[in-house]
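Visitor: Below are the sequence and a predicted model for it; my questions follow.
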Amino acid sequence: MSENLEYDYDLLVLGSGPAGQRAAIQGAKLGKRVAVVEHKAVVGGACTNTGTIPSKTLREAVMHLSGFRERNVYGASYQVKQNITMEDLLHRTSAVIQAELDVVRHQMQRNGVELIVANAKFTGPETVSLAGVDGRSKRDVRARRIVIATGTVATRSGKIPFDGQNIIISDDILGLKKLPKSLCVIGAGVIGCEYATIFSILGVRVTVVDKRERLLDFVDHEIIDTLVYQMRKYRVTLRLGEEVEGLEYTENAETGARVHVKLKSGKHIHTEKALYSIGRTGATDTLDLAAAGLSADDRGRITVDEQYRTSVPHIFAAGDVIGFPSLASTSMEQGRVASCHAFGVEAKAVPELFPYGIYTIPEISTCGKSEEELTQAGVPYEVGKARYQEIARGAIIGDKTGLLKLLFHVDTRKLLGVHIIGEGATELIHIGQAVLAFEGTVDYFVRTVFNYPTLAECYKTAAFDGINRLS
């Protein structure tokens, strides 16, 4: 029950994405009066409607229809469907989005969480003004605890002439009328790399431009080198260390509709479509954070402590709005932990054991320390590797390029990190994550019997490889 009836709610959550959902449900489980404010008519935030769920479903549709998984078995020309269209890809996506929306709504209802469709704006540290999206209704509510989980929006530049079809952001992909023959991806972050590989598998000529010298520098470098090799194999051109100077869309009778990308180095890229993907900005500009005594950085992100508490003690923030790693999985845990701390319930997240899943083709997943981090920290470690081509399951599924790496301490043999690229990486990582959580050693994998034939056998092969290196 509510501890103070002067408040309309014990917990008010701004945003219904992964962080907001978990924060609200955790609050309801603690017996609190909880409401979630969502400014759109549909729940789920960007994760369900324009981000994680749609992009991963689109990826799965591409993998199936293109016949990618079977090409190593049946030949490079194998396809499940010839002449794949955007309608083919989006048919599956729409069905999955609707199913996820139903799940989220049902969870809210089952736990007694009130859902309010409105635009939220702080009018004080404890008060929020809720304006109906129709612009006609408005009311103020007071809450004992507030969790900001508004997520992010794609970063735009006022100098770029976005039109939703030719010069686009990632949110526009679901609205494309046809597949392009060529695509320039500006920005090689997680989203940019995911879409670059997805479109390249469909035969689209992809060029990736990024001012950084390496892709995804926070991931183990050998894993990224493997990704880069695969991207180039599918004719992706990488323009790293390059910066875009200008972008324009032109149409003429001779060349047709084209996007012209001019680089500061003087290079020119002519492409059918351009995907502008230079990151995301916290969706905080309409909240009037100053009225609550808060502020955001230049990318709209809110600073929090290890309990996800902001500088105002009763206001918390979780999810993409607080920045890296900005993953749906980590956002869910952040929302749950924030809600627990809001009401004095002991809870602890272990960020160093959060698994990262990157849905490029092939997919990548990591947990624990990388070689670069261990080297910088002066930790003596050894490496054990297993390649999918050594594993029977790898031959069965046609993945000959997958790689699993184990990093462990030379003296104690304690597992320090797991890094995987290849089919099923985001599922396979959880075996290593569990051993890391219980501070197990590499010997665990030697003693354990894995089902045969499975990709999980990579752990045993990699463990033997690493132990053999010690001698």
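Guide: Cool, the structure landed. Keep in mind that this is a model prediction, so the values were computed, not measured.
Visitor: Show me where the chain dips below the pLDDT cut-off.
Guide: The model of the chain has pLDDT under 70 over residues 1-5, 41, 46-51, 135, 253-256.
Visitor: got the residue ranges for the helices in it?
Guide: For the chain, the helices defined by DSSP state H occupy 18-29, 45-49, 52-65, 71-74, 86-110, 190-201, 221-233, 328-342, 371-377, 392-397, 425-437, 443-447, 457-470.
Visitor: where's the shortest one relative to the chain centroid, distance-wise?
Guide: The one in question is helix 71-74. 29 Å (C-alpha atoms, centre = their mean, to the nearest Å).
Visitor: List the buried residues of it.
Guide: Of the residues in helix 71-74, residue 72 count as buried by neighbour count, 16 or more other C-beta atoms under 10 Å. Where you see a C-beta, it was placed from the backbone N, CA and C, and this is true even at glycine.
Visitor: Show residues contacting it.
Guide: Under the criterion C-beta atoms under 8 Å, 6 or more residues apart in numbering, residues 67, 78, 398, 399, 400 lie in contact with helix 71-74.
Visitor: circling back to that earlier point, which one of the helices of the chain lies closest to residue 278?
Guide: helix 190-201 (8.2 Å; C-beta to C-beta).
Visitor: and the angle from that closest one to helix 52-65?
Guide: Counting by axes from the mean of the first three to the mean of the last three C-alpha atoms, to 10 degrees, helix 190-201 lies at 20 degrees to helix 52-65.
Visitor: could you check the angle helix 86-110 makes with helix 190-201?
Guide: 140 degrees.
Visitor: pull the CA atoms of helix 190-201 into CSV?
Guide: The C-alpha trace of helix 190-201 is given here as CSV (Å, rounded to 0.1, in the frame of the first residue of the first chain):
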residue,chain,number,x,y,z
VAL,A,190,26.5,-1.0,-33.4
ILE,A,191,23.4,0.0,-35.4
GLY,A,192,25.4,1.1,-38.4
CYS,A,193,27.3,-2.2,-38.5
GLU,A,194,24.2,-4.3,-38.0
TYR,A,195,22.3,-2.7,-40.9
ALA,A,196,25.5,-2.7,-43.1
THR,A,197,25.8,-6.5,-42.8
ILE,A,198,22.1,-7.1,-43.1
PHE,A,199,21.8,-5.2,-46.4
SER,A,200,25.1,-6.6,-47.8
ILE,A,201,23.8,-10.2,-47.4
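Visitor: re the thing from before, buried ones among the contacts of helix 71-74?
Guide: Neighbour counting over those (16+ other C-beta under 10 Å) leaves 67, 398, 399 as the buried ones.
Visitor: Out of the residues you listed, which is nearest to residue 369?
Guide: Looking across these and measuring by C-beta to C-beta, the closest to residue 369 is residue 399, at 25.6 Å.
Visitor: ok, now how distant is residue 273 from residue 292?
Guide: Distance, residue 273 to residue 292, by C-beta to C-beta, to the nearest Å: 41 Å.
Visitor: again, but for residue 95
Guide: If you go by C-beta to C-beta, the gap between residue 95 and residue 292 works out to 40 Å.
Visitor: Tell me the buried residues in the longest strand along the chain?
Guide: Ranked by number of residues, the top strand in the chain under DSSP state E is strand 138-148. Buried residues in strand 138-148, counted by 16+ other C-beta under 10 Å: 141, 142, 143, 144, 145, 146, 147, 148.
Visitor: Next, count neighbours for residue 297.
Guide: 12 (other C-beta atoms under 10 Å).
Visitor: Could you find the closest non-adjacent residue to it?
Guide: In space, and not counting its chain neighbours, residue 297 is closest to residue 303: 7.3 Å by C-beta to C-beta, 6 or more residues apart in numbering.
Visitor: my guess is that neighbour meets residue 322, correct?
Guide: Yes: using C-beta atoms under 8 Å, residue 303 is in contact with residue 322, at 7.4 Å.
Visitor: Please identify the deepest-packed of the helices of the chain.
Guide: helix 18-29 (a mean of 28; mean count of other C-beta atoms under 10 Å).
Visitor: Give the other helices and strands that that helix contacts.
Guide: On a contact count with 3 or more C-beta pairs under 8 Å, 6 or more residues apart in numbering; DSSP states H and E, helix 18-29 meets strand 9-14, strand 34-38, helix 45-49, helix 86-110, strand 138-148, helix 328-342.
Visitor: now with 7 Å?
Guide: Packing partners of helix 18-29 (3 or more C-beta pairs under 7 Å, 6 or more residues apart in numbering; DSSP states H and E): strand 9-14, strand 34-38, helix 86-110, helix 328-342.
Visitor: ok, back up a step: same list, the contacts of helix 71-74, but as a markdown table with distance to residue 89 please.
Guide: As requested, these are exported to a markdown table (distance: C-beta to C-beta, whole Å):
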| residue | distance to residue 89 |
| --- | --- |
| 67 | 14 |
| 78 | 18 |
| 398 | 22 |
| 399 | 22 |
| 400 | 26 |
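Visitor: Tell me the one of those residues nearest residue 445?
Guide: Using C-beta to C-beta, residue 399 comes nearest to residue 445 of the contacts of helix 71-74, at 20.3 Å.
Visitor: That closest one against residue 422, yeah?
Guide: Yes: counting by C-beta atoms under 7 Å, residue 422 is a contact partner of residue 399 at 5.4 Å.
Visitor: overlap in contacts of these two?
Guide: residue 388 (C-beta atoms under 7 Å, 6 or more residues apart in numbering).
Visitor: And the residue most central in space within the chain, how close does it get to residue 128?
Guide: In the chain, the centroid-proximal residue (C-alpha atoms, centre = their mean) is residue 327; its distance is 4.2 Å. Noted for residue 327: a distance of 27 Å to residue 128, by C-beta to C-beta.
Visitor: quick one on the thing from earlier: can you list the buried ones among the contacts of helix 71-74 in TSV and add distance to residue 413?
Guide: As requested, these are arranged in TSV below (distance: C-beta to C-beta, whole Å):
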residue	distance to residue 413
67	42
398	34
399	29
